[in-house]
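Novice: Any chance you can model this:
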Amino acid sequence: MSVLRGAGYILAHAPDMVLSSGTTQTTERIVNPGSDYLRDLPDALRCYYDVVSYAPNQVYIGSSQPEILRDMELPWYDKPVAGAERFGRFGEIMPQDELFLLMRACDTFELVMLKDTFVADTMPRFRDNPVFGEDVFSRVGSGVPAEEVSSLISDSGAEALHHGGEVAGCVKRAHDVDGNLSAHVMLENIASKATSTLALLYGLRNAGISKDEIEYVIDCSEEACGDMNQRGGGGLAKSTAEIAGLINATGSDLRGFCAGPAHAIVQAAALVSSGVYKAVAVTAGGSTAKLGMNGKDHVKKGLPVLEDVLGGFSVIITQDDGISPEIDLGVVGWHKVGTGSSPQAVISSLVTEPLSRAGLGILDVDLFAPELQNPDITKPAGAGDVPQSNYKMIGALAVTRGELDKSELARFITERGLPGWAPTQGHIPSGVPLLGFARDRIIEGTLKNILIIGKGSLFLGRMTSLFDGVSFLIKANGGIAAVAGGSPAGTDEDTVRKVVAEAMRKVADALSVNGDE
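Specialist: Numbers count the residues shown, from 1 in each chain. Model (predicted):
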């Protein structure tokens, strides 16, 4: 059996990277360089305080519960959370200047070059991070003279890193002619690696296990690193493990568009359940290409650019500890080649089919976690409220199957669904943002199970017109905690020992009553 031992969630504010790295902006500069959008965009960027106090971001790092958004009228961007802080239950919101230092620490080929003055100014704050040690800090170095950075940008095609409108450093190309190793692509990959590393370190901290226990890492982010001879060959998983200090781990990359995390978690759970590995980390960093993806619609309607953060998450999956929620591999759904692409067919393959195979109905699931896109971002862009649409479809299936009266549909959506809060980073919203909360609530006993639903658009790669999706059930552990008659709030070794001792005492009492020795 495999269990969800812990999860980590991080955001990295990247306003200047919106301008230089987001594909909406880079494309606009090519096709319409004098556009009103490009002119107005800088004034629509949020400051770090606005990003930290943004309610969906506070939910993402675990400082607020998702339900607070249900009672908050849209839009949310103009309703800051009072007293919001950088660090939360599951992770943090890192400012851009520290992100650049982390990118430098994650760079093993001397590609990220930062100005010495910038490093000197930022390093004291960077050193306050609770999940880093000297092994990370020492990798940053002292930086290089400003003249060297300027020369690399003007003469060698390096990609500038701006902070506050000023050049803070650059990312060099890794090859003179290989487009897969260009400065722009290397920036994408290193930013993804850095945010994945940060999320992984928080996941390990929250799981309460040591780094040397992890034996395998699966990276399921959106970037596919490689060179001209093997585009997407991979290596982000093992390179992230290297920086995080997971000396006993190997790993590989898994790509599946937005459904990638669901594929990865199911595979990780299977690896652990089969005994191949005892502990597996699933991790993903952010996508610079998605920064400001819907910026045109936001700016046109007078909104700030809400897609100004890189998202990251990690999930730690281990053998049964008797407490953590179980990943039930008997309830796994998948979108088959022959399923079709209609919304009803997709939801049926991911919800009703796996539940029916296990003898369960839709109402046997306490909570559903489909694409948890933030409607504050998607509605102004014309995409509607994505989670709400999914919950309506699931509820409609329950009505069609006779499990739910049509008059109860609204209550079903409220009781078994949540508002979306995830940043628009493709792979991030598909179910996984709920895992941290779900683990807490299942251990507390306020939930018995949840169904995670990841969906993906394979047709974007122009190799197939098929859709994709995977779902899996997480449920309460039936082991030591259940025998002990309680739901411990932690997973540390002392707690486990106490639970085991209590279970043994109850067994001994029972034997004594029956006159057995």
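Novice: all helices for the stretch 51-200 of the chain, in order.
Specialist: Here the stretch 51-200 of the chain has its helices, by DSSP state H, counting those that start in this stretch, at 55-60, 96-105, 116-126, 134-140, 146-155, 183-207.
Novice: can you dump the C-alpha coordinates of stretch 117-124 into CSV?
Specialist: Extracted in CSV, the C-alpha atoms of stretch 117-124 (Å, rounded to 0.1, in the frame of the first residue of the first chain):
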residue,chain,number,x,y,z
THR,A,117,26.0,44.1,-6.2
PHE,A,118,22.6,42.4,-6.8
VAL,A,119,23.8,39.2,-5.0
ALA,A,120,25.2,41.3,-2.1
ASP,A,121,21.9,43.1,-1.7
THR,A,122,19.7,40.0,-1.9
MET,A,123,21.8,37.3,-0.1
PRO,A,124,21.0,38.3,3.5
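Novice: per the record, what domains does the chain have?
Specialist: 2-319, 326-483 (automatic domain parsing).
Novice: Least reliable of the ones you listed by average pLDDT, please.
Specialist: Note on these: lowest mean pLDDT is at domain 326-483, with a mean of 94.
Novice: Off-centre distance for it?
Specialist: 16 Å (C-alpha atoms, centre = their mean, to the nearest Å).
Novice: try stretch 84-104
Specialist: The answer for stretch 84-104 is 14 Å, by C-alpha atoms, centre = their mean.
Novice: Then stretch 20-29?
Specialist: On C-alpha atoms, centre = their mean, the centre of stretch 20-29 falls 23 Å from the chain's centre.
Novice: now swap in stretch 299-316 and tell me
Specialist: 12 Å.
Novice: And for stretch 196-206?
Specialist: With C-alpha atoms, centre = their mean, you get 11 Å for stretch 196-206.
Novice: same question, stretch 140-158
Specialist: The answer for stretch 140-158 is 32 Å, by C-alpha atoms, centre = their mean.
Novice: Might you report the residue contacts of residue 52?
Specialist: Under the criterion of C-beta atoms under 8 Å, 6 or more residues apart in numbering, the neighbours of residue 52 are 58, 84, 85, 86, 93. C-beta: built from backbone N, CA, C; applies to glycine.
Novice: go with 10 Å
Specialist: Residues in contact with residue 52 (C-beta atoms under 10 Å, 6 or more residues apart in numbering) are 11, 13, 46, 58, 61, 63, 80-81, 84-88, 92-93, 95.
Novice: From those residues, list the buried ones, please.
Specialist: 11, 13, 46, 58, 61, 63, 81, 84, 86-88, 92-93, 95 (16 or more other C-beta atoms under 10 Å).
Novice: Which member of the residues you listed is positioned nearest residue 427?
Specialist: For the buried ones among the contacts of residue 52, the minimum distance to residue 427 (C-beta to C-beta) is 14.4 Å, reached by residue 11.
Novice: Follow the chain on from the helix or strand hosting that closest one and name the next helix or strand.
Specialist: In this assignment (DSSP states H and E), residue 11 forms part of strand 2-13. Once the chain leaves strand 2-13, the next helix or strand it forms, by DSSP H and E, is helix 15-21.
Novice: I'd like to know which elements that following helix is packed against.
Specialist: helix 23-31, helix 96-105, strand 159-163, strand 166-171, helix 183-207, strand 309-319 (3 or more C-beta pairs under 10 Å, 6 or more residues apart in numbering; DSSP states H and E).
Novice: Can you give me the neighbour number for the closest residue in space to residue 156 that isn't next to it in sequence?
Specialist: Leaving out its chain neighbours, the residue that sits closest to residue 156 by C-beta to C-beta, 6 or more residues apart in numbering is residue 172, at 6.7 Å. As a burial measure, residue 172 scores 21 neighbours (other C-beta atoms under 10 Å).
Novice: which residues touch stretch 29-45?
Specialist: Contacts for stretch 29-45 (C-beta under 10 Å, 6+ apart): 13, 15-16, 18-20, 22, 24-25, 28, 51, 165, 292, 295-300, 302-306, 308.
Novice: so residue 49 makes contact with residue 84?
Specialist: Yes - with contact defined as C-beta atoms under 10 Å, residue 49 reaches residue 84; the gap is 8.5 Å.
Novice: do you know how far residue 202 is from residue 8?
Specialist: 3 Å (C-beta to C-beta, to the nearest Å).
Novice: try residue 232
Specialist: On the measure of C-beta to C-beta, residue 232 and residue 8 end up 25 Å apart.
Novice: So between those two, which is more surrounded?
Specialist: Ranked by neighbour count (other C-beta under 10 Å), residue 232 and residue 8 place residue 8 first, with 28 against 11.
Novice: quick one on the thing from earlier: just the contacts of residue 52: which are in strands?
Specialist: Among these, the ones falling in strands (DSSP state E) are 11, 13, 92, 93.
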